[in-house]
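A.B. asks: Build me a model:
(4 chains, ligands or ions: 4)
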There are 2 protein chains.
Amino acid sequence: MYSYTEENYLKTIYKLSEQGNESINTNSIAEVLQTKAASVTDMIKKLADKKLLNYEKYKGVALTERGRKVAVDTVRKHRLWECFLYDKLKFGWDEVHEIAEQLEHINSELLTDKLDEFLDFPTHDPHGDPIPSKNGVIKKSNFILLCDAKPNQTLVMSGVADHTAVFLQHLNKISVVLGTEMQITEKNDYDGSIAVKLSGNKSMYFSKDVAKNILVKVK
Amino acid sequence: MYSYTEENYLKTIYKLSEQGNESINTNSIAEVLQTKAASVTDMIKKLADKKLLNYEKYKGVALTERGRKVAVDTVRKHRLWECFLYDKLKFGWDEVHEIAEQLEHINSELLTDKLDEFLDFPTHDPHGDPIPSKNGVIKKSNFILLCDAKPNQTLVMSGVADHTAVFLQHLNKISVVLGTEMQITEKNDYDGSIAVKLSGNKSMYFSKDVAKNILVKVK
DNA sequence: AAATATTTTTAGGCTTGTCTAAAAATATGT
DNA sequence: ACATATTTTTAGACAAGCCTAAAAATATTT
Ligand SMILES: [Mn+2]
Ligand SMILES: [Mn+2]
Ligand SMILES: [Mn+2]
Ligand SMILES: [Mn+2]
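C.D. replies: Ligands and ions are numbered 1, 2, ... in the order given. This next block holds a predicted model:
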């Protein structure tokens, strides 16, 4: 239906929209897609012709309902494939994204449905991100950043704000995975570092750089 | 590494070579790929530049060792994905080929290896075709056509010569699947039809058109 | 051997998606 | 308000992969 490239543009614009940005500008799309602004302008015009987004010269773009559906569907496929790679093929959570970038473009609605069923209808991918439903609904998670959490609550590690392989590998190294429970025992205003108590009374320190990229939910 | 299109050309040339044809001519490639001879000539020149095949003007092409490896690897991926779709996702054997045509181009050696392991190292795909090993070895099956088999031997349905969905659906309809055992009770020279006895003494007739597309092995 | 038919290649052009360089529009600073 | 900086668009070009029409080579008939 839509090309690999078109789906990537739509997905990028969708993700930028979700990050608060009201209307999406050419340069930010170019940066995410590692391409040039001129190329983005070209593609934007084509997507606008196909009614996948609204575009006014020099004013940025916004997805149409149709464009959003294509984007969300691509995200759905991406995250389902990540679940497959992680749960079934035993890839690490730092390895799945790159392969899912390819698999998300496989075009078969029946395949997506059967994969969903095979995985037992997962609600979140290996990074804690929610999986859109078949009809395009995304359940917003009420996760908060670890650096914003209050002390003396039981927190459950539930996602990441930084999806890079290096960050995920760092979490592997310090044995912090989805589901890890912790309580904040100390917040240091000076450097933003946080001390937590894990199960078995083990304690651990997070630098601000780490604490601001860990998503937790209050148990 | 190689494009979707390049892999499809190499796979096509490989399959034509396997079918006995010594050197492969432009028109036959065009026919399989549903494209035009002029396009084939263009691509052949590019593949020759990349040392994936040997080409002499007007003399046809033959894969190099390197080209053969890429082709066989694509076939390996295709058949492993067919196994996944059939065994795990419960697709029908008439549905898997089309989706595998997309999945065979996913580029990750680790993914292929892990998929192979997840499927418990299958040796044949849902159509009875052998799965090439990681290092490119294909074990030739000693299957024979049902129409060429002798009476009074126990035959095991082991593959198909016609891979079209309509043929596979016909076999579904008459409940002939891989593993079905039979003995030929009668061969009619007049129309090439064959009568067989199945388990439970059920008898069944195959027209020549069907019998010449069923592969069996002698038990 | 010559004529005819078929196959293959070339020539030129199209679409998709990309690029660089330059022009135009918008935003920012004083 | 005007000058400067930044962002965006346009213009023109390129590679991949495809096409049609014509030319060249090869194969088949007679
Ligand atoms: Mn991902
Ligand atoms: Mn993810
Ligand atoms: Mn197939
Ligand atoms: Mn098959």
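A.B. asks: Kindly report the residues of chain A close to ligand 2.
C.D. replies: A:82, A:125, A:127, A:129 (C-beta under 5 Å from the ion). For the C-beta atoms, the positions are set from N, CA and C on the backbone; glycine is no exception.
A.B. asks: Show me those that map onto helices.
C.D. replies: A:E82 (DSSP state H).
A.B. asks: so which of the residues of chain A next to ligand 2 comes closest to A:D162?
C.D. replies: Compare each of the residues of chain A next to ligand 2 with A:D162 using C-beta to C-beta and the shortest gap goes to A:H127, at 9.8 Å.
A.B. asks: can you list the residues of chain A next to ligand 2 in TSV and add distance to ligand 4 and pLDDT?
C.D. replies: Listed next are these as TSV, based on distance: C-beta to the ion, whole Å; pLDDT from 0 to 100:
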residue	distance to ligand 4	pLDDT
A:E82	27	98
A:D125	31	98
A:H127	34	98
A:D129	35	98
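A.B. asks: so where do the strands sit in chain A?
C.D. replies: A:53-55, A:61-63, A:144-145, A:155-160, A:181-187, A:194-198, A:203-206, A:214-218 (DSSP state E).
A.B. asks: Would you mind saying which of those strands lies nearest chain B?
C.D. replies: strand A:155-160 (22.2 Å; C-beta to the nearest C-beta).
A.B. asks: just so I know, which of the strands of chain A lies nearest DNA strand D?
C.D. replies: strand A:53-55 (6.7 Å; C-beta to the nearest atom of the strand).
A.B. asks: Run a quick check on A:I131 versus A:H78, I expect a contact.
C.D. replies: No - with contact defined as C-beta atoms under 8 Å, A:I131 does not reach A:H78; the gap is 9.2 Å.
A.B. asks: Overlap of the contact sets of these two?
C.D. replies: A:D125 (C-beta atoms under 8 Å, 6 or more residues apart in numbering or on different chains).
A.B. asks: quick one, what contacts the residue lying closest to A:K69 once chain neighbours are set aside?
C.D. replies: Leaving aside its sequence neighbours, A:K69 sits nearest to A:G136 (C-beta to C-beta, 6 or more residues apart in numbering or on different chains; 5.3 Å). By C-beta under 8 Å, 6+ apart, A:G136 lies in contact with A:68-69, A:72-73.
A.B. asks: Closest one of these to DNA strand C?
C.D. replies: Once C-beta to the nearest atom of the strand is applied, the member of those that ends up nearest DNA strand C is A:D73, at 16.9 Å.
A.B. asks: What's the ChimeraX syntax to select whichever of the contacts of A:G136 are buried?
C.D. replies: Typed into ChimeraX, the line below selects the buried ones among those, using 16 or more other C-beta atoms under 10 Å in any protein chain shown:
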select /A:68,69,72,73
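A.B. asks: would you list the strands of chain A in a markdown table and tack on mean neighbour count?
C.D. replies: Formatted as a markdown table, the entries for the strands of chain A read as follows, by neighbours: other C-beta atoms under 10 Å in any protein chain shown:
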| stretch | mean neighbour count |
| --- | --- |
| strand A:53-55 | 18 |
| strand A:61-63 | 21 |
| strand A:144-145 | 15 |
| strand A:155-160 | 20 |
| strand A:181-187 | 17 |
| strand A:194-198 | 19 |
| strand A:203-206 | 15 |
| strand A:214-218 | 21 |
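A.B. asks: if we can go back for a sec, looking at the contacts of A:G136, which is nearest DNA strand D?
C.D. replies: Nearest to DNA strand D out of the contacts of A:G136 is A:R68 (C-beta to the nearest atom of the strand; 20.0 Å).
A.B. asks: Need the pLDDT of the closest one.
C.D. replies: At A:R68, the model reports a pLDDT of 98.
A.B. asks: Return the residues in contact with it.
C.D. replies: Contacts of A:R68 by C-beta under 8 Å, 6+ apart are A:14, A:136.
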